[in-house]
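# Coordinates for the following, if possible.
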Amino acid sequence: MACNKILNLSSSTKYCNFLFTRISQIVFRPYSESRLRRLEKKWDIPPRPKRPLNPFFKFVVLRREEMKEYREEMNEYSRQMILYEKSLTSEQKQILKSLAEKRAEMKEKSKEQQRLKDLGKPRKPPPVIFLFISSKMNTKKDDDQYHEWVSQISKEWTLLSTEEREKYEAEHKKMTEKYMNELLAWEAEMIRLGHIDVVRRRVLLDLRITVNYQLVKKT
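Presented below is the predicted three-dimensional model:
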């Protein structure tokens, strides 16, 4: 038996199995796969079945040639980028830097807008003119270019009399009041949940003044 061969003593099969289990736990586990196989061969232990490659490594093996092409393409890209950067003037580099900063700013703004949407911030009503444009949607024909049609409706808006505009302005006023009430309720909930950074500074200032006043009044 392999157990007897290693220990040079007579042992029961049950004890050998237990001993090999403990050896595997204490000795084998820290070794690499290749080192472990060498030790198994040295101690005359039958080789274990090889574990199959995980899906990622299988994918890499199958796409080895494509990965080689990718590395070559990346090397060529790096070389071209060095030449490209050397060809730029200081002014052009500054312009590109400004554009990159603007893109980063827009990306950050987009992330913040998505966060506010996820937090359920009420949507601000559109300008009054959009109410007028919405009321004219039934006049748009299928073959009308949207931007041209909007331009035409906008001109009609400028020609409306004060009386004709009043109903749209009154509707917009109601929508704005509803929005402000919803916004205040939402900001109160955000304060309760700890999202102070999304609350308007004016609201936080008013809240601080109110709290300070109440504290002074109690004393």
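# which residue ranges form the helices in the protein?
2-7, 13-23, 33-42, 55-62, 64-87, 90-118, 128-135, 146-158, 162-193, 201-218 (DSSP state H).
# Which of these sits closest to residue 49?
Nearest of the helices of the chain to residue 49, taken as C-beta to C-beta: helix 33-42 at 11.7 Å. Backbone N, C-alpha and C define where each C-beta goes, glycine included.
# mind exporting the closest one as PDB, just the C-alpha atoms?
The C-alpha coordinates for helix 33-42 follow below in PDB (Å, rounded to 0.1, in the frame of the first residue of the first chain):
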ATOM      1  CA  GLU A  33      -1.100  22.000  -9.100                       C
ATOM      2  CA  SER A  34       2.200  21.100 -10.800                       C
ATOM      3  CA  ARG A  35       4.000  20.700  -7.400                       C
ATOM      4  CA  LEU A  36       1.200  18.600  -6.100                       C
ATOM      5  CA  ARG A  37       1.400  16.200  -9.100                       C
ATOM      6  CA  ARG A  38       5.100  15.800  -8.700                       C
ATOM      7  CA  LEU A  39       4.600  14.900  -5.000                       C
ATOM      8  CA  GLU A  40       1.900  12.400  -5.900                       C
ATOM      9  CA  LYS A  41       4.300  10.800  -8.500                       C
ATOM     10  CA  LYS A  42       7.100  10.700  -5.900                       C
END
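# and it, what other elements does it pack with?
Counting contacts by 3 or more C-beta pairs under 8 Å, 6 or more residues apart in numbering; DSSP states H and E, helix 33-42 packs against no other helix or strand.
# what about residue 201, distance to residue 114?
Applying C-beta to C-beta, to the nearest Å, the value for residue 201 to residue 114 is 22 Å.
# Which one's more surrounded, those two?
residue 114 (10 against 7; other C-beta atoms under 10 Å).
# got a pLDDT number for the more buried one?
Per-residue pLDDT puts residue 114 at 94.
# And it, how close does it get to residue 43?
60 Å.
# before we move on, what about residue 167?
94 Å.
# Residue ranges in the chain under the pLDDT threshold?
Along the chain, the parts satisfying pLDDT under 70 run over 1-33, 36, 48, 209-219.
# redo that, cut-off 50
1-11, 23, 26-29, 213 (pLDDT under 50).
# Around residue 59, count how many other residues there are.
Neighbours of residue 59 (other C-beta under 10 Å): 12.
# contacting residues around residue 198?
By C-beta atoms under 8 Å, 6 or more residues apart in numbering, the residues touching residue 198 are 115, 116, 119, 121, 187, 190.
# Next, name the residue at the spatial heart of this protein.
Centroid-nearest residue in the chain, with C-alpha atoms, centre = their mean: residue 111, separated by 7.9 Å.
# Quickly note the distance from that residue to residue 194.
As judged by C-beta to C-beta, residue 111 and residue 194 stand 19 Å apart.
# Kindly report the same for residue 150.
The gap separating residue 150 from residue 194 is 42 Å, by C-beta to C-beta.
# between those two, who's got more neighbours?
residue 150 (16 against 7).
# Just give the closest residue to that one, not the sequence neighbours.
Distances taken as C-beta to C-beta, 6 or more residues apart in numbering put residue 133 closest to residue 150, at 6.4 Å, once the chain neighbours are dropped.
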